[in-house]
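J.: need a 3D model of the sequence below.
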Amino acid sequence: MNKDKKFSIRLTDKHLSLIKSKAKKKSVSQYCREILLNESSGGSSVATELLLLRQDIAKIGNNINQIAHRVNSGEDTDIKELSLIINNLRDMTNKKLERVR
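T.: Reported below is the predicted structural model:
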């Protein structure tokens with residue numbers, strides 16, 4: 001592909017430094033092309049991951065509602081694992097969000 005067109009933007013020193021640090025081993029030009037064309041950020045795969053995460057959250061919410069219903073009805077229910085499930089969900093969410101940022 002012949003890259004004979006030029007595209008420029010104005011940045012502060014701080015923004016340029018940030019872009020250079022995020023580009024790592026790539027050229028700033030290559031990194032910016034990938035970001036602008038939505039390649040580095042995962043494109044549609046990020047949307048798919050977020051959709052799956054949303055479905056998982058809905059399932060967990062349903063399970064929490066079932067536990068709450070049992071507890072409110074006086075049924076003896078073990079909720080020790082609930083904290084672990086919530087922490088795991090938070091960690092999964094943070095990992096997915098890191099890909100989007």
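J.: for the top helix by length along the chain, buried residues please.
T.: In the chain, with assignment by DSSP state H, the single longest helix is helix 44-72. Within helix 44-72, the residues that count as buried by 16 or more other C-beta atoms under 10 Å are 49, 50, 53, 67. Placement of C-beta: from N, CA and C, glycine included.
J.: including distance to residue 27, could these go into a markdown table?
T.: A markdown table is the format used below for the buried residues of helix 44-72 (distance: C-beta to C-beta, whole Å):
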| residue | distance to residue 27 |
| --- | --- |
| 49 | 28 |
| 50 | 29 |
| 53 | 32 |
| 67 | 52 |
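J.: closest to residue 61 among those?
T.: Residue 61 lies nearest to residue 67 out of the buried residues of helix 44-72, by C-beta to C-beta, at 10.7 Å.
J.: what about residue 30, helix or strand, and which?
T.: helix 28-36 (DSSP states H and E).
J.: centre of the chain versus that helix, how much separation?
T.: 20 Å (C-alpha atoms, centre = their mean, to the nearest Å).
J.: with stretch 57-74 instead?
T.: Mean C-alpha position of stretch 57-74 versus that of the full chain (C-alpha atoms, centre = their mean) differs by 26 Å.
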